[in-house]
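K.L.:
next one to model:
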Amino acid sequence: MRVRVGYERVLLLGAADEELPVVGSSGLRLSGLVFFVRFGRVFESATGGEPAGASDLNRLLWVSFDREDGIGFHPLEGLDCDWAVVSWLVEEADLSEPEVAYPRLVEREVFDELLERHWDLFVEDAHLSSTAYQLFPLDAASGGLPSLGVGGGGRSA
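P.N.:
Residues are numbered from 1 along each chain as shown. Model (predicted):
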């Protein structure tokens, strides 16, 4: 199957669990914001797993966050394809399950609003973590539905 690959980037909050802000009426607390960067290069993925060479692209795009400049994208020499942010998620936590985060897909406006509202709580990081990838099939036979995988990304550095 022919695919494009996207990798997550995670913005973490630096607050203690009991200080995490409540999101909406659910009572769940904001534990992080996530976005996926999809690369323009097309890969073959016969098994539906992470294609060989895809994680190399991921390592060639550093993504940072600091309170002065916000989210920054830093393509390194050798990144020879385009890329775009294609999806945004909110990670929510239930204090009764401290090891569990519930990701929820949101519109970019919601992501931006939460980032702005809680700006000072997010941890500054020169190389945002990337631990999951998502496949974006190009073939009609796949139904066009993306599939999510974990691993292969490591830190973007």
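K.L.:
where's the nearest residue to L33 once chain neighbours are set aside, which helix or strand?
P.N.:
Closest residue in space to L33, ignoring its immediate chain neighbours: L11 at 4.4 Å, by Cβ to Cβ, 6 or more residues apart in numbering. Any C-beta I mention is one placed from the backbone N, CA and C, and that applies to glycine too. Per DSSP states H and E: L11 is located in strand 2-12.
K.L.:
that older thread, surely the residue nearest to L33 is in contact with E124?
P.N.:
No: using Cβ atoms under 8 Å, L11 makes no contact with E124, being 9.9 Å away.
K.L.:
quickly list what's touching both of those two.
P.N.:
F65 (Cβ atoms under 8 Å, 6 or more residues apart in numbering).
K.L.:
okay, the two: which has more neighbours?
P.N.:
Between L11 and E124, counted using other Cβ atoms under 10 Å, L11 has the larger neighbour count: 23 against 11.
K.L.:
residues in contact with the more buried one?
P.N.:
By Cβ under 8 Å, 6+ apart, the neighbours of L11 are G32, L33, V34, F65, I71, L115, F122, V123, D125, L128.
K.L.:
strands - which of these land there?
P.N.:
Counting by DSSP state E, these place G32, L33, V34, F65, I71 in strands.
K.L.:
for those, which one is nearest S55?
P.N.:
The shortest gap between S55 and any of those belongs to V34, at 17.8 Å (Cβ to Cβ).
K.L.:
helix/strand/coil for L57?
P.N.:
With DSSP: H, G, I helix; E, B strand; the rest coil as the basis, L57 sits in helix.
K.L.:
ok so, going back, redo the ones in strands among the contacts of L11 as a markdown table? Include distance to V86 and neighbour count.
P.N.:
Below are the ones in strands among the contacts of L11 laid out as a markdown table (distance: Cβ to Cβ, whole Å; neighbours: other Cβ atoms under 10 Å):
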| residue | distance to V86 | neighbour count |
| --- | --- | --- |
| G32 | 18 | 20 |
| L33 | 15 | 24 |
| V34 | 12 | 24 |
| F65 | 18 | 22 |
| I71 | 15 | 16 |
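K.L.:
break down this protein into its strands, ranges please.
P.N.:
Listed in chain order, the strands of the chain (DSSP E) span residues 2-12, 29-39, 43-44, 61-66, 70-75, 83-93, 101-106, 132-137, 147-150.
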